[in-house]
Structures are given as structure tokens and as C-alpha cells.
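Novice: please find the sequence and the predicted model below.
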Amino acid sequence: MKSKKLSETIIKNFKSNGFVLSEPDVLLDSDYIIERSGEKFRSSMLTFDNEDGKTMCLRPDLTVASCISFLQKKSSSKIYYSGQAYRRTGNKDKNFINDQLGIEILGSKNQIQDDFKIISTILSSVKKIKRKKIFIKVGDIGLFKSLINALDMPERWKLRLIRHFWRPSYFEELLKRLETNTDIEEGTFNTDKKRFYEMKKRDQDKAVAGRPISEILKRFDKKIKDPRSFVDGKTIVKIIKSFLKINCKLKELDERLLDFAKKNNLKKNIFKDFKSILNLKKLNQDIIFIANFGREVEYYTGIVFEVFSDKKEIARGGRYDDLLKSLGAKRNTPAVGAAINLKNI
């Protein structure tokens with residue numbers, strides 16, 4: 001009963017802030033989700049085959065389900081939902097059903113204004129249900145992209161680092177490879193290196209698979225040295241790691257970013273697009289900026305945040321400007337949203 005009253009209070013606040021009810025489908029085409037959104041949901045989806053042999057799944061994510069509904073039904077662009085997302089987890093103690101109350105602005109027309117609207121609405125909802133000791137963690141994937149694009153390194157590395165930023169362990173592996181100036185994976189590199197030294201001991205004029213060993217060794221030599229590499233790998237990695245260590249109160253962020261740019265000989269305006277973050281000062285709330293934050297969700301592209309009460313996560317959300325296009329929109333459609341985890345209130 002208490003949970004129902006809390007939900008009613010939150011929904012009332014959503015409505016008063018101009019959000020309209022949307023009820024995204026519970027059953028989704030699993031192949032469609034995987035094809036459009038990548039592999040991130042495959043291992044966690046609860047699937048079954050329907051009578052036509054098509055593989056369906058219970059919606060693993062309400063943001064994705066809401067986007068699909070928006071594209072198919074041309075529903076309102078400023079929505080709220082109340083429902084459940086279903087994900088399999090490796091944790092036996094964790095329920096696979098997630099009860100959520102969320103809001104989305106699909107087709108966001110003003111990034112700064114809409115980012116603030118989502119966060120302020122979530123924050124006011126949390127306050128209306130009498131949560132205390134509230135603080136917010138915030139990051140911005142866009143700032144990381146701005147940094148990477150400003151660094152002097154090959155374009156292939158920029159694309160690779162941005163694409164895999166949401167996979168922390170693999171991202172660290174990429175940094176190691178960048179630091180040692182090798183484009184190939186360490187296992188492959190070591191195997192090739194071993195073969196290289198073994199073949200150097202053999203008759204250079206002898207043919208293997210129709211080619212002289214001397215010719216093969218030249219190819220191996222180039223591969224091991226990676227001629228596409230560049231000399232500043234260590235410096236670039238040091239700058240990236242330094243950025244990802246930034247962790248400060250929001251009021252200190254301007255100074256920290258300017259200091260970071262100065263120390264690393266970067267242009268002062270490198271982070272000119274972080275106005276959404278600075279705009280949060282108007283909330284008059286405890287806010288911590290963490291550069292290495294919000295990487296576990298692949299589709300986020302800009303601001304990301306979590307709202308905590310008594311050290312317990314109450315809500316999370318962020319900007320996802322590429323998701324609607326990946327789900328079938330004809331062009332990139334700016335969007336931002338967040339959800340309250342009812343289990344934690």
C-alpha cells in the first residue's frame with residue numbers, strides 16, 4: 001500500500017511537469033533488439049519462440065521499449081511510464097524484474113533545457129516522497145568524446161576508443177595497446193613475434209606456402225613494429241587517464257577542466273559543450289562530477305546521472321542521441337530520460 005501511494009505521488013509530479021502516459025509493449029522482437037542495439041542485451045534477455053517461430057523477449061529495458069513505441073505509434077514526445085523491465089542476471093540474489101517509473105523526452109529540441117527538465121523532475125519527485133540526504137553523481141560521455149577528438153592521434157584510434165568507452169575492461173586493454181603502439185591484440189602480437197624469431201633461424205631462401213621465408217619475415221617485421229602506430233601513444237594514454245581521474249564537486253568543475261587543459265597543452269575551449277552540466281548548479285543540490293562515470297550503458301551519448309538517497313541509488317538516466325536512429329528512425333533524434341527504481345524507495 002505504501003509503495004502504491006509513493007508511485008501515485010511520483011506520477012502526479014510527472015504529470016504536473018507536462019509528461020504524458022505511454023505504455024510500451026511488454027513483448028518485443030528479440031532479433032530486432034539485438035540487430036538494432038548491438039549485443040548488450042543478448043545475455044540478459046528472457047526469450048521464447050512464438051507460434052510463428054519468431055523469437056520474442058520480455059522488454060529488457062523500458063527506454064528502448066519506449067523508443068520503439070514512439071517510432072511505431074508516433075506517440076507523444078514527452079512521456080512517462082510505469083512498468084517492469086525484465087533482465088536475467090548472474091546474481092542469484094538479484095530479482096530479474098525491475099519496477100520502474102520513468103520519464104523521457106524523445107525528439108529533444110533543447111539539450112540544455114531538456115537535460116535540466118529530466119533531472120529536476122526526477123529530483124523533485126524524490127523529494128516529494130520524503131527521501132533525505134540526497135546527492136547526485138553526474139558525468140558526461142560527450143566530454144570524453146570532445147577530449148578524444150581533440151587529441152593528436154590517428155582517426156582509427158579515436159573511433160575505437162569512443163566506440164568501446166562503455167566497456168571498461170576492454171577499454172583498458174585498448175589503452176595498453178595504444179601505449180605500446182600496437183594495433184593488434186596482445187595474444188596475436190606475441191604469437192607473430194614468436195613465429196618471427198623462429199623463422200629467422202631457417203633458410204631465408206626456402207619457400208613456405210609458395211613464398212620465400214625472407215618475404216614472409218619482411219611482412220612479420222612490419223606487423224610486429226606496426227608501421228601504422230605513432231610515437232605519442234604513451235603521452236596520449238597519460239592524458240586520457242588523467243582526465244578519467246577527475247572527481248570533484250560541481251562548483252569546482254570549471255576550474256578543474258581549465259587546469260586539465262592547461263597542463264596538457266590543450267585548447268581552453270575543448271570542453272565548451274558542457275553547459276548542461278554547469279546548468280545543474282541551479283538545482284542547489286549536492287552534485288559530484290565524475291569523469292569516469294556512466295559507462296555501463298552503451299547507448300548514452302551525453303550527460304549521465306544517478307540520484308542517491310542515504311547512499312542508496314534511487315534513480316538514474318542520461319542523454320542518448322543515437323538510440324532512436326539505431327532503432328529505425330531516419331535520422332539522429334536527440335533524446336534524454338531517466339527512471340526511478342521503485343525497489344529502492
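Specialist: Perfect, thanks for sending it.
Novice: can you show me the strands along the stretch 151-300 of the chain?
Specialist: Listed in chain order, the strands of the stretch 151-300 of the chain (DSSP state E, counting those that start in this stretch) span 207-208, 211-212, 247-249, 287-290.
Novice: need the mean per-residue confidence for the last one.
Specialist: Averaged over strand 287-290, pLDDT sits at 96.
Novice: for the third one, same thing?
Specialist: For strand 247-249, mean pLDDT rounds to 96.
Novice: quick one: Arg87 and Pro60 touch, right?
Specialist: Yes - counting by Cβ atoms under 8 Å, Arg87 touches Pro60, with 5.0 Å between them. C-betas here are computed from N, CA, C, even on glycine.
Novice: name the residue in the two with the higher neighbour count.
Specialist: Between Arg87 and Pro60, Pro60 has the larger neighbour count (other Cβ atoms under 10 Å), namely 24 against 19.
Novice: for stretch 247-259, give me every contacting residue.
Specialist: 138, 246, 268, 271, 274, 277-278, 280-281, 286-292 (Cβ atoms under 8 Å, 6 or more residues apart in numbering).
Novice: and if we set it to 7 Å?
Specialist: For stretch 247-259, contacts defined as Cβ atoms under 7 Å, 6 or more residues apart in numbering pick out 246, 268, 271, 277, 280-281, 287-290.
Novice: could I get that stretch in CSV with only the CA atoms?
Specialist: Extracted in CSV, the C-alpha atoms of stretch 247-259 (Å, rounded to 0.1, in the frame of the first residue of the first chain):
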residue,chain,number,x,y,z
ASN,A,247,36.3,13.7,-9.5
CYS,A,248,35.1,16.9,-7.9
LYS,A,249,32.2,18.9,-6.7
LEU,A,250,30.2,20.6,-9.5
LYS,A,251,31.1,24.1,-8.3
GLU,A,252,34.8,23.2,-8.9
LEU,A,253,34.4,21.7,-12.3
ASP,A,254,35.1,24.8,-14.4
GLU,A,255,38.5,25.3,-12.7
ARG,A,256,39.4,21.6,-12.9
LEU,A,257,38.7,21.4,-16.6
LEU,A,258,40.6,24.6,-17.4
ASP,A,259,43.6,23.4,-15.3
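Novice: okay, domains of the chain per the record?
Specialist: When the chain is parsed with automatic domain parsing, its domains come out as 1-132+339-345, 157-238.
Novice: so which of those is the most packed in?
Specialist: For the domains of the chain, the stretch with the most neighbours on average is domain 1-132+339-345, a mean of 17; neighbours defined as mean count of other Cβ atoms under 10 Å.
Novice: where do the helices sit along the stretch 101-250 of the chain?
Specialist: Listed in chain order, the helices found in the stretch 101-250 of the chain under DSSP state H, counting those that start in this stretch are 111-128, 141-150, 155-163, 168-179, 186-200, 213-225, 233-244.
Novice: tell me which of these lies nearest to Glu306.
Specialist: helix 111-128 (10.1 Å; Cβ to Cβ).
Novice: and that closest one, what other elements does it pack with?
Specialist: helix 2-16, strand 97-106, helix 275-279, strand 303-309, strand 312-319, strand 335-341 (3 or more Cβ pairs under 7 Å, 6 or more residues apart in numbering; DSSP states H and E).
Novice: now do the last one, average pLDDT.
Specialist: What it means is strand 335-341. 95.
Novice: okay, now the sheet partners of that strand, with direction.
Specialist: Sheet neighbours of strand 335-341, with direction, are listed as strand 97-106 (antiparallel), strand 312-319 (antiparallel) (DSSP bridges).
Novice: tilt between it and strand 303-309?
Specialist: Compare the direction of strand 335-341 with that of strand 303-309 by axes from the mean of the first three to the mean of the last three Cα atoms, to 10 degrees and you get 20 degrees.
Novice: where does the stretch 1-150 of the chain have low pLDDT?
Specialist: In the prediction, the stretch 1-150 of the chain carries residues with pLDDT under 70 at positions 1-2, 36-41, 75, 89-95.
Novice: swap in 50 and give it another go.
Specialist: 1 (pLDDT under 50).
Novice: cool, and the stretch 151-300 of the chain?
Specialist: With pLDDT under 50 as the threshold, the stretch 151-300 of the chain has low-confidence stretches at 210, 226-227.
Novice: ok, back up a step: minimum distance to Ser309: which of the helices of the stretch 101-250 of the chain has it?
Specialist: Nearest to Ser309, of all these, is helix 111-128, at 6.4 Å by Cβ to Cβ.
Novice: thinking again about what came up before, let's have the domains of the chain in TSV, adding distance to Lys330.
Specialist: Rendered in TSV, the data for the domains of the chain read as follows (distance: least, Cβ to Cβ, whole Å):
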stretch	distance to Lys330
domain 1-132+339-345	10
domain 157-238	23
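Novice: which one of those domains lies closest to Phe305?
Specialist: In terms of Cβ to Cβ, the element of these nearest to Phe305 is domain 1-132+339-345, at 6.0 Å.
Novice: just how off-centre is the closest one within its chain?
Specialist: Counting by Cα atoms, centre = their mean, to the nearest Å, domain 1-132+339-345 is centred 17 Å from the centre of its parent chain.
Novice: enumerate the beta-bridge partners assigned to Leu106.
Specialist: On the basis of DSSP bridges, Leu106 is bridged to Ala335.
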